[in-house]
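Enquirer: sequence-free structure coming up:
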């Protein structure tokens, strides 16, 4: 059964550390998965962590380091020298993990670490990987993979694999290349295992496979692996030479992160923060959105102040301000969210913009008619003045129509200009929708109170 | 390079279908991946789809059916008899896909299909899988897997695998069981491939592995596979017998769906809808949230109407209604979102509730102080009355404090009662926050205008 971290466990561990009980600490952590030990490290202070760390072997140490939360890792690496990091951690890591860990550090420390990596080949691979942008296939891939020549036979292939496989943790496929290292296809281990020893690679490999270029965006990589149900994806350069492979576990993190980013945008959080982050970090992530909301509120106040006389004469106009403002914001976010999600998951389909807008307009017409009719009935029953009744229903209808179109257009336009469309569900546009809704209401009110 | 569906492609395909050009249609689709053909089917009408479908082989047909969007599949299966579905589609499917497809259909059709599955073993597996709840490990798992006895040697193992492997598409691990089918561990294909032929399974398999029970919730399954970077996870019953396996591609869908559900909740969409859904479906997903927003607006109007005299005397009080209402909602959603996300991704850590609330309170105090001070400065510069200035800043501060605590508590309480905590970022709580914020503002105003 999977391990579950409890406060009791940490309390118990702390006690053992305090008693300097090395044997019990070693027993306690030895049976745990590195991902679990990393969770424990997230809770310990540096001194306690160092005590536990001494009872891990080299590979466990690097695995734990990779699995930690970013800010915990930063805290631990800060107190170590470049040489310690290189010899105690980087040495045992896969190239992609090593590049990720090193890439997070200040440039001077990066240099220091790279100089202390003994294995020149490993150092070279890490330097190569560091040169790719973080959000591309190159930034995600690992150099470790097993490749065989298309002209080999099975025994040569297995012999070569024995040599290469020591470096590669998880092998799902063997990649097939030609003499120039150009990717030709792949061979599943299942096929290799079940093939006759006399077979030649060229007769049993799968030729028509999906690969990505080193500069493919990581969101596209995620969409491709998700769509085609892949566990590993080869990465090639511009002339199709095999450069590395991306495994699904790294892409699962990308999918989670991208989804969380959109969710955070929609709920008004500006930065990626864990619930365990400290109060200052949490404040920094949240105050910008609140500040924009505040400015929106001030602009709304200015708009309202231009209707001070109307509000003095007809204070009942003020009653429906929250309703109109909220509905504008809500409808806008709904319309944007559908588009944002479609763009992110690449399920937006090939419907033309015209058709999308027409559909959105239909939805808005239905919603607008139903909700305005409800308000009309409500105000008639409450025997509000005809002017107020008409103003509320007519402006509600207009606001719903306007906000839908605005909410649909904005993410599409942002996407066209290569700006993250999720911004449309964020503070700026929502606030804008509130204000425009309010302006429609007030203008409509002045007009109708004059007429009716 | 991955295929990208364009309007031109569909137009071209339609034209070929109209011209009855079988050869060209066959050429066009033959090189495509089933996931791509499924995308094409999402765009075609039944007649066109039938024409394309005739040029696919049996396995492609089932793969395409699985990859389709739910509503497209429903549309196609509606026009087929149970016998057609069983013989043309289900026959070639893995047990988990077959159970998913059949599980979506009306009960009578399910019976009909099951009766027409020729292979009794396959029918039995599907019936078994249909008995598990959809959101559990049992509902996610497939029956197809390769298992070997712990007492075998390598050649027996490979011979048995040859028999079993024909049914299993992707093999990443071989599961090791004892004579009673109790799960003992696993063997990676890499190890098997590189082991000496004389080795016995019991000496080379990995014993300490992670498994889940058939009744484990699918969100927990996703969290486990994500945390431990697994591509396949064995599922066992209550006495540890091996029942099936879950592969990462199914879990990627779970992760995406769960994340989208939370995102939709935060943006006020009540059901899972694709951007390509029709206007009626889109309306149905959106109007409930708008209706709750409308009721919230009406309640706000009722609250405001009790302060009609105050608003008549001091119409400037109305100016800051949008600001106060918006800030209450925003702060509440922010606080809830952090907790919701932590619960969903299981990264909430082991901080005590008291500590969480204290941290939240600190953030609220900082945000409240900064933003109220800004409003104080703004209103002083604008030379607004002292009463208004004091009312706005003091109520803003109170609203931020209240909404933070409310926003933190609600998802934690919902979660304790096993209700989806994401509801807290949804319509009901946001609207409640708006109204309570407004009430605080108006009471504060009446008090301060009387005093100052």
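Expert: Sure, I can see it. Predicted, not measured: the structure shown is a model, and the values here were computed from it.
Enquirer: Quick check, residue A:388 in contact with residue A:380.
Expert: No: contact between residue A:388 and residue A:380 fails when scored by CB atoms under 8 Å: they sit 10.7 Å apart. Any C-beta I mention is one placed from the backbone N, CA and C, and that applies to glycine too.
Enquirer: Excluding chain neighbours, what is closest to residue A:148?
Expert: residue A:157 (4.7 Å; CB to CB, 6 or more residues apart in numbering or on different chains).
Enquirer: Which neighbouring elements make contact with whichever strand or helix holds that neighbour?
Expert: Using DSSP states H and E, residue A:157 falls within helix A:154-165. Under the contact criterion of 3 or more CB pairs under 8 Å, 6 or more residues apart in numbering or on different chains; DSSP states H and E, helix A:154-165 touches strand A:147-149, helix A:189-194, helix B:189-194.
Enquirer: how about the second one, does it reach chain B?
Expert: Looking back up the chat, that one is helix A:189-194. Yes: with CB under 8 Å from any CB of the partner chain as the measure, helix A:189-194 is seen reaching chain B through A:189, A:190, A:192, A:193, A:194.
Enquirer: got these as a markdown table, with pLDDT and neighbour count columns?
Expert: Listed next are the residues of helix A:189-194 next to chain B as a markdown table, based on pLDDT from 0 to 100; neighbours: other CB atoms under 10 Å in any protein chain shown:
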| residue | pLDDT | neighbour count |
| --- | --- | --- |
| A:189 | 81 | 20 |
| A:190 | 80 | 21 |
| A:192 | 81 | 21 |
| A:193 | 77 | 19 |
| A:194 | 78 | 15 |
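Enquirer: Number of residues surrounding the residue of the stretch 151-300 of chain A found nearest chain B?
Expert: Closest contact between the stretch 151-300 of chain A and chain B, by CB to the nearest CB, is at residue A:297 (2.5 Å). Residue A:297 has 28 neighbours, counted by other CB atoms under 10 Å in any protein chain shown.
Enquirer: who touches it in this structure?
Expert: Applying CB atoms under 8 Å, 6 or more residues apart in numbering or on different chains, we find residue A:297 in contact with B:320, B:322, B:323, B:324, B:326, B:327.
Enquirer: Repeat that for residue A:298.
Expert: When the contact criterion is CB under 8 Å, 6+ apart, the partners of residue A:298 are B:323, B:375, B:378.
Enquirer: cool, residue A:333 as well?
Expert: Here residue A:333 is in contact with A:266, A:407, A:425, A:430, A:433, B:267, B:268 (CB under 8 Å, 6+ apart).
Enquirer: The third one: what's its closest spatial neighbour, skipping adjacent residues?
Expert: The shortest distance from residue A:425 to any residue that is not its chain neighbour, by CB to CB, 6+ apart, is 4.4 Å, and that residue is residue A:266.
Enquirer: Adding distance to residue A:314, write the helices and strands packed on helix A:154-165 out as JSON lines.
Expert: As requested, the helices and strands packed on helix A:154-165 are exported to JSON lines (distance: least, CB to CB, whole Å):
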{"stretch": "strand A:147-149", "distance to residue A:314": "78"}
{"stretch": "helix A:189-194", "distance to residue A:314": "77"}
{"stretch": "helix B:189-194", "distance to residue A:314": "78"}
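Enquirer: Nearest to residue A:291, out of the ones you listed?
Expert: Closest to residue A:291 of the helices and strands packed on helix A:154-165, according to CB to CB: strand A:147-149, at 52.8 Å.
Enquirer: Could you check how far that closest one is from the centre of its chain?
Expert: 34 Å (CA atoms, centre = their mean, to the nearest Å).
Enquirer: Tell me the strands beside it, with direction?
Expert: strand A:173-177 (parallel) (DSSP bridges).
Enquirer: What are the buried residues along stretch A:97-117?
Expert: A:97-102, A:105, A:109-110, A:112-114, A:116-117 (16 or more other CB atoms under 10 Å in any protein chain shown).
Enquirer: any idea which helix or strand carries residue A:245?
Expert: Here residue A:245 sits within strand A:242-247, counting by DSSP H and E.
Enquirer: Going along the chain, name the helices of the stretch 1-150 of chain A.
Expert: A:7-18, A:22-30, A:34-43, A:46-53, A:58-67, A:70-78, A:82-88, A:95-103, A:107-115, A:120-130, A:137-140 (DSSP state H, counting those that start in this stretch).
Enquirer: what's the least confident helix or strand in chain A, going by average pLDDT?
Expert: Among the helices and strands of chain A, helix A:189-194 carries the lowest confidence by mean pLDDT, DSSP states H and E, at a mean of 80.
Enquirer: Quick one: list the elements packing against it.
Expert: Partner elements for helix A:189-194 (3+ CB pairs under 8 Å, 6+ apart): helix A:154-165, strand A:173-177, helix B:154-165, helix B:189-194.
Enquirer: what comes up buried for the third one?
Expert: Using 16+ other CB under 10 Å as the test for burial, helix B:154-165 gives B:154, B:157, B:158, B:160, B:161, B:165.
Enquirer: List just the nearest of these to residue B:59.
Expert: Among these, residue B:165 lies closest to residue B:59 (CB to CB), at 15.9 Å.
Enquirer: Wait, the closest one touches residue A:189, no?
Expert: No: Residue B:165 is beyond contact range of residue A:189, at 10.8 Å (criterion: CB under 8 Å).
Enquirer: anything in contact with each of these two?
Expert: Residues within reach of residue B:165 and of residue A:189 at once, by CB under 8 Å, 6+ apart, are residue B:171.
Enquirer: Quick one: mean pLDDT for stretch A:259-269?
Expert: Here stretch A:259-269 scores 79 as its mean pLDDT.
Enquirer: how far is it from where the chain is centred?
Expert: Counting by CA atoms, centre = their mean, stretch A:259-269 is centred 9 Å from the centre of its parent chain.
Enquirer: Which residues outside that stretch are in contact with it?
Expert: A:270-272, A:285-286, A:289-290, A:293, A:333, A:337, A:340-341, A:344, A:420, A:422-423, A:425-427, B:255-256, B:259-260, B:262-263, B:266-267, B:330, B:333-334, B:336-338, B:341, B:345, B:425.
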